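Q: coordinates for the following, if possible.
(chains A and B)
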Amino acid sequence: MLLKGKNAVITGCNRGIGKAILDNFAQNGANVYAVIRTESDEFDNYIKELGAQNEVFIKKIVIDLSDEEQVKAGAKEILSDKLPIDILVCNAGTSNPLSSLAMTKMETIKNAFDINLFSQMLLTQLLARNMMRNKNGSIVYISSSAAYDGGANIEYSASKAAIIGEMRRLAVEYGPFNIRVNAVAPGLTATDMGNSMSEEDEKIALSMNIMHRKGKPEEIADAVMYLASDMSSFVTGQVLRVDGGLR
Amino acid sequence: MTNLEKYIEAFAEGLEIDKSVVKEGLEYQSIPEWDSVGHMGLVAAIEDAFDIMMDTDDIIDLSSFEKGIEILKKYEVEI
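A: The predicted structure is shown next:
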């Protein structure tokens, strides 16, 4: 129970890595504001059961991260509970099929940056004030191995690289408030996004990975949990690569 | 406690300074305690004191004791 009594906000909770993080955090005793874009009865039932099993509260917050006003309203909803926010995990992201810059509209690139970077920045700006007040917090961003090796399309690789720059700057800014800021950079992971590659692209991707397999969402969640918890109390401004050892 | 008293107390608490220093003419970066780090402590203290959530533009505009009073009017706080 490494997160017992902590309150966490996680974006992109309804599937893949975000859902694994939600699971992990609840099992470790954290209360969670689970940010999702699309509501469903299935998710409602899931969090109800997960919360009851682990004796934590899980509150659904619906935000379309491409809409700035919705991000602000969502943050207000979270803060209106007047609870200390101990952990923020910015996980939500968007990805498109592999394409070249020449074949990508600027609108597509801007939309990816809105969701993968700017919305996370805005949410951090709004919620970190609560952490500053309490002089305590841990923020974890989900970057990608594509930030290093360009293994995805331009908008994804570039926005995930920009997250690392954001993380490093915020580690400096928030350090005096005892807020740690780190990132996890997953490699190819067995999620809807990670499974959407063509067979040929997947073969190439796995050949570049020392362990020759995709990561499991739970393995990414374990790394996030480490950075979110007090286990990493002297770690800030770092990227933890969880990619099976990319060459 | 009047709103002015609450406002002065929020400044003193947020910037960790004596109340006697909090008066008209006090500006951002005019004292060592009101730097960018202190500024966020001040914002938090004002938000707590008046139970509001300031917009980012207002946080940026909060450049003096007097400006803060003007900004708070937006949140229906009269000082």
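Q: all helices for chain B, in order.
A: With DSSP state H, the ranges of helices along chain B come out as B:3-15, B:36-50, B:56-61, B:65-74.
Q: looking at those helices, which is nearest to residue A:48?
A: Judged by CB to CB, the one of these that comes nearest to residue A:48 is helix B:36-50, at 32.3 Å. From N, CA and C alone the C-beta is placed, and that goes for glycine too.
Q: so for that closest one, what's the average pLDDT?
A: Mean per-residue pLDDT for helix B:36-50: 91.
Q: ok, now stretch A:159-173?
A: Along stretch A:159-173, the predicted local confidence has a mean pLDDT of 97.
Q: with stretch A:197-206 instead?
A: For stretch A:197-206, mean pLDDT is 82.
Q: quick check: which of the helices of chain B is nearest to residue A:236?
A: That would be helix B:36-50 among the helices of chain B, by CB to CB, at 15.9 Å.
Q: list the helices and strands that closest one packs on?
A: Packing contacts for helix B:36-50, counted by 3 or more CB pairs under 8 Å, 6 or more residues apart in numbering or on different chains; DSSP states H and E, involve helix A:119-134, helix B:3-15, helix B:65-74.
Q: among those helices, which is nearest residue A:203?
A: Nearest to residue A:203 among the helices and strands packed on helix B:36-50 is helix A:119-134; the distance by CB to CB comes to 31.7 Å.
Q: compute the inter-axis angle for that closest one and helix B:3-15.
A: 100 degrees (axes from the mean of the first three to the mean of the last three CA atoms, to 10 degrees).
Q: gap between the two ends of stretch B:41-58?
A: As for stretch B:41-58, its first-to-last residue distance stands at 15 Å under the measure CA to CA, to the nearest Å.
Q: could I get the buried residue list for it?
A: B:41-47, B:49-50, B:52-54, B:58 (16 or more other CB atoms under 10 Å in any protein chain shown).
Q: what does stretch B:30-37 give?
A: For stretch B:30-37, burial by neighbour count (16+ other CB under 10 Å) applies to B:33, B:34.
Q: which other residues reach it?
A: Residues from elsewhere that reach stretch B:30-37 (CB atoms under 8 Å, 6 or more residues apart in numbering or on different chains): A:176, A:177, B:15, B:16, B:17, B:21, B:26, B:27, B:28, B:29, B:42.
Q: contact residues of chain B facing chain A?
A: For chain B, the residues found near chain A under the criterion CB under 8 Å from any CB of the partner chain are B:37, B:40, B:41, B:43, B:44, B:47, B:48, B:53, B:56.
Q: tell me the pLDDT at the nearest residue to residue A:137 once chain neighbours are set aside?
A: The shortest distance from residue A:137 to any residue that is not its chain neighbour, by CB to CB, 6 or more residues apart in numbering or on different chains, is 3.1 Å, and that residue is residue A:131. Looking at residue A:131, its pLDDT reads 93.
Q: so residue A:131 touches residue A:175, yeah?
A: No: in this structure, residue A:131 sits apart from residue A:175 without contact. The criterion is CB atoms under 8 Å, and the distance is 11.9 Å.
Q: ramachandran coordinates for the residue nearest to residue A:22 when sequence neighbours are not counted?
A: Once flanking residues are discounted, residue A:22 sits nearest to residue A:13: 4.7 Å by CB to CB, 6+ apart. According to degrees, to the nearest 10, the main-chain angles of residue A:13 amount to phi -90, psi -10.
Q: now swap in residue A:40 and tell me
A: Dihedral angles phi and psi of residue A:40 (degrees, to the nearest 10) take the values phi -160, psi 150.
Q: tell me the contacts of it?
A: Listed by CB under 8 Å, 6+ apart, the contact partners of residue A:40 are residue A:14.
Q: circling back to that earlier point, dump the helices of chain B into a markdown table; add distance to residue A:207 as well.
A: Written out in a markdown table, the entries for the helices of chain B read as follows (distance: least, CB to CB, whole Å):
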| stretch | distance to residue A:207 |
| --- | --- |
| helix B:3-15 | 56 |
| helix B:36-50 | 47 |
| helix B:56-61 | 46 |
| helix B:65-74 | 58 |
